Structure formats: C-alpha cells, structure tokens
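Asks: kindly generate the corresponding structure for this input.
(chains A, B, C and D)
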2 protein chains.
Amino acid sequence: MILADTFQVLANPTRLRIVEALARRELCVGDLAVVAGTSHSAVSHHLRQLRQMKIVRYRKEGRMAFYHLDDDHIAQIFRMGREHVEES
Amino acid sequence: MILADTFQVLANPTRLRIVEALARRELCVGDLAVVAGTSHSAVSHHLRQLRQMKIVRYRKEGRMAFYHLDDDHIAQIFRMGREHVEES
DNA sequence: TGGACATATGAAACAATCTTCATATGTTGA
DNA sequence: TCAACATATGAAGATTGTTTCATATGTCCA
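Replies: Sure thing, here's the model as predicted:
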C-alpha cells in the first residue's frame, strides 16, 4: 500500500463527502448515497476503495452495512487539508 | 479551490517524492528532477500543480527557481498519511 | 419458499491525468 | 549580441479513474 494511493482515494469530492459524513457518525450505504448525492452503486464502488485503503471499516447488521472511519488519522488529515484550503 | 484538488495533487508518487525532498530542504528544479527520478519537463509540470494548490512556493534567483513547501500543514498531512499507511 | 430489500461487483463508456516532445521565455557569461 | 542554460508550457498519446447499467449475493419477512 502506497501513500499516493491513500491520497488518491481522498482526491474525489464524492468520497470526501462520505468521509466528512462518517467523521460525524456511523452511516449505512443508503444514507451515504443520500449524503453524497449519488447512486447506491456509485457509493458502493467508492466505499470499496475507501475500505481497501483502510480509510473506512464497517460492521454488518442483518442486510445493512454500517460504515465508520477506520481511525483518527483520517479525520486529522481531513481537518488539516481543510485548514490548508481555507487559509489559501 | 476545492479540498479534493489538494489531495489530488498529493496523489502521485513523483509529486510525493518532490514534497518529501522539499520537507527536508529547499531545492531547484534540476535537483528535484534527479530526486524524483524524472525529466525536467515532467517535474516542471508537477511543480505547477503543486504551486496552484499552494503546496509549494519558490523564489527566483537568476535563472534558477528554488522551491520549498508553502506551510507546515503540508508536512503534517504528509507525515500523518505516512503514519496511516505504516500502521496498516 | 419466494419476493422485496440492502449492498456488492463486473464491464464499458466517458472523462481526467501523466508523460513526452517540441518549443518558448528569461538569464548568464563569453 | 549570441549561445548555452534553467525553467515553463501546450498538445497529444497512453494510462487511469468515475459513473452507469446489469446482475449477483445474502437477509428479512409474509
């Protein structure tokens, strides 16, 4: 796993909306589709990438999958990126 | 300027080698080409993207351009990304 | 059991990105 | 001034990424 791949996965507005939402609370795929403003299918593809880069994890509960951020690094990277953008 | 674009610019191994080198010390374009292991032209294109996203700045001295990181956020984002990758 | 539901995935079309090549700009020193 | 140098940039081909559509898997409940 290469550092550039981690940033690559964060380099997409839809995935960042997912990450931002998950920084607040755990959500299922359907809710994430609404939050991210795209289809279930697209969200599912994005979530796979986020899983592969260990940015999110999930727990299964029946037929639902509840996603959350993997660890605090991600929230920190997100926050620092936002600070950087805002001061520019 | 959108957050995803900032991560996009970090999402490339060549540009990350540039950022890593500049985290240590200021360097000119020719040196960066050697460090990054690619052509002057490619480095110059990459540097333009890094400039546009305020990730690097430079000072001109004669015909040389000396590049350095724009601020500490970038070094922190880089470090945190590396920590995240290493613990996976 | 069977149908509705939630999520996941493969393939393909379309869009975005990276590198290379050619060339341009500005600087230095002979 | 002119040639060599350091860097910058536009265009194009090759590569990679994103979304959509179709379909698959597993779960729930009537």
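Asks: contacts only, for the residue positioned nearest the centre of chain A.
Replies: For chain A, the residue sitting closest to the mean C-alpha position, by CA atoms, centre = their mean, is residue A:19 at 3.1 Å. When contacts are counted by CB atoms under 8 Å, 6 or more residues apart in numbering or on different chains, residue A:19 touches A:10, A:50, A:55, A:56, A:69, A:74, A:78. The C-beta positions use only the backbone N, C-alpha and C, and glycine is treated the same way.
Asks: repeat that with 6 Å
Replies: By CB atoms under 6 Å, 6 or more residues apart in numbering or on different chains, the contact set of residue A:19 is residue A:78.
Asks: what does residue A:82 give?
Replies: Per CB under 6 Å, 6+ apart, neighbours of residue A:82: residue B:3.
Asks: try residue A:78
Replies: residue A:19.
Asks: secondary structure class for it?
Replies: Of the three states, residue A:78 takes helix under DSSP: H, G, I helix; E, B strand; the rest coil.
Asks: quick one, helices of chain A?
Replies: Listed in chain order, the helices of chain A (DSSP state H) span A:3-10, A:13-24, A:29-36, A:40-52, A:72-86.
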